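**Student:** sequence and predicted structure, then a few things I'm wondering about:
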Amino acid sequence: MVAVTDAAEQVEAQTKQSEASKKATLAKLKKKKLAEKTFKIFVNGEELEMTYRAIGHDAYDKLVAKYPPSVEEKAEGANYSAKGFPPALIAAVALDPKLSEEDTREIWQSTDWSRGDLLVLFGHAMDICNTGFDVDFTVGV
């Protein structure tokens with residue numbers, strides 16, 4: 001009978017430990033902050049740093065809805081306006097320097113910026129908003 005009691009106590013202890021672990025994990029998840037990312041760009045030979053902070057999923061979805069694709073873009077499978085959404089997203093995530101949507105539209109419409117230059121800014125904005133947790137799936141369980 002002692003073995004049964006020890007086994008029952010062990011199961012109860014494991015259950016309590018599992019519950020405590022779940023509560024600790026949930027508490028950490030609730031305290032999660034939006035991701036930030038600093039990157040470097042070169043403008044006229046000068047190195048500049050920019051910092052972006054992700055926006056929440058609701059803000060992102062509202063921004064996409066605010067800039068729907070044109071009929072042509074939608075026919076090609078786009079989810080947003082290629083002219084309106086990118087500068088709006090860059091303005092929404094730009095933390096340092098803080099950029100207004102007017103600022104980013106001016107950049108986006110400038111003939112001094114190549115498609116590649118603009119896509120660097122937009123790519124980082126998309127990345128910070130659409131990359132999930134940094135999880136190492138190569139670690140064995």
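**Tutor:** Great, that's in hand.
**Student:** low-confidence stretches in the protein?
**Tutor:** In the prediction, the chain carries residues with pLDDT under 70 at positions 1-5, 18, 20, 133-141.
**Student:** domain assignment for it?
**Tutor:** Residue ranges for the structural domains of the chain, counted by automatic domain parsing, are given in the record as 1-32, 36-130.
**Student:** please produce TSV containing those domains, extended by mean neighbour count.
**Tutor:** C-beta coordinates here come from the backbone N, C-alpha and C atoms, glycine included. As requested, these are exported to TSV (neighbours: other CB atoms under 10 Å):
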stretch	mean neighbour count
domain 1-32	9
domain 36-130	15
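**Student:** okay, strands next: where are they in this structure?
**Tutor:** Counting by DSSP state E, one finds strands in the chain at the ranges 36-43, 46-53, 94-96.
**Student:** the closest residue to Ala82 other than its chain neighbours and Arg53, how far apart?
**Tutor:** With sequence-adjacent residues excluded and distances taken as CB to CB, 6 or more residues apart in numbering, Ala82 is closest to Glu73, at 6.2 Å. Spatial separation of Glu73 from Arg53 under the definition CB to CB, to the nearest Å is 28 Å.
**Student:** do the same with Asp96
**Tutor:** For Asp96, the distance to Arg53 - CB to CB - is 9 Å.
**Student:** ditto for Ala78
**Tutor:** Taking CB to CB as the measure, Ala78 and Arg53 are separated by 25 Å.
**Student:** cool, and Glu106?
**Tutor:** With distances taken as CB to CB, Glu106 is found 22 Å from Arg53.
**Student:** cool, Val43 as well?
**Tutor:** Taking CB to CB, one finds Val43 at 21 Å from Arg53.
**Student:** all the helices of this protein, in order from the start?
**Tutor:** Taking DSSP state H to define them, one finds helices in the chain at 2-30, 57-66, 71-75, 85-93, 101-109, 115-130.
**Student:** wait, Val120 sits on Val43?
**Tutor:** No - taking CB atoms under 8 Å as the contact criterion, Val120 and Val43 are not neighbours in contact, 10.8 Å apart.
**Student:** got the contact list for Tyr67?
**Tutor:** Tyr80, Ser81, Gly84, Phe85, Ala88 (CB atoms under 8 Å, 6 or more residues apart in numbering).
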